[in-house]
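Asks: 3D, please:
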Amino acid sequence: MNYRLLSDDELVVLLKESNEHAFKELYLRYWKQVYQSAYKKIYHKEFAEELTQNLFVDLWRRRESLSIQSLSAYLFGSLK
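Replies: Sure thing, here's the model as predicted:
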């Protein structure tokens, strides 16, 4: 399956089923945007990287219980 062709909504469904490939695709799709947003808020490279990593770790840990309507809204809302 080519995960790059799937929508965010389809990937979130697979993520809830603990599909690691779906998680990897979401990470690759959003990590740079999340990092840049964090960096613009705090102007500290290492802390922005840590915040980004923690956000995705939390997404994986809570994957089965999350109710996500919009993945980008969830990620950037969580970053705040």
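Asks: okay, now Y43: neighbour count?
Replies: Y43 is flanked by 9 other residues according to other CB atoms under 10 Å. Every residue, glycine included, has its C-beta placed from N, CA and C.
Asks: please apply the same query to F23.
Replies: Here the count is done by other CB under 10 Å, and F23 has 19 residues near it.
Asks: mean confidence for stretch 26-45?
Replies: The predicted model assigns stretch 26-45 a mean pLDDT of 97.
Asks: what about it, distance to the chain center?
Replies: Centre-to-centre, stretch 26-45 and its host chain are 10 Å apart (CA atoms, centre = their mean, to the nearest Å).
Asks: which SS state does S67 fall under?
Replies: With DSSP: H, G, I helix; E, B strand; the rest coil as the basis, S67 sits in coil.
Asks: relative to E25, how far out is the nearest residue to H21 once chain neighbours are set aside?
Replies: Ranked by CB to CB, 6 or more residues apart in numbering and with sequence neighbours excluded, the top spatial neighbour of H21 is Y3, at 5.4 Å. Y3 is 4 Å from E25, where distance means CB to CB, to the nearest Å.
Asks: give me the contact list for the helix or strand harbouring A48.
Replies: Counting by DSSP states H and E, the secondary-structure element that holds A48 is helix 45-61. Taking contacts as CB atoms under 8 Å, 6 or more residues apart in numbering, the residues outside helix 45-61 that touch it are 15, 23, 26-27, 31, 34-35, 38-39, 41-42, 66, 75, 78-79.
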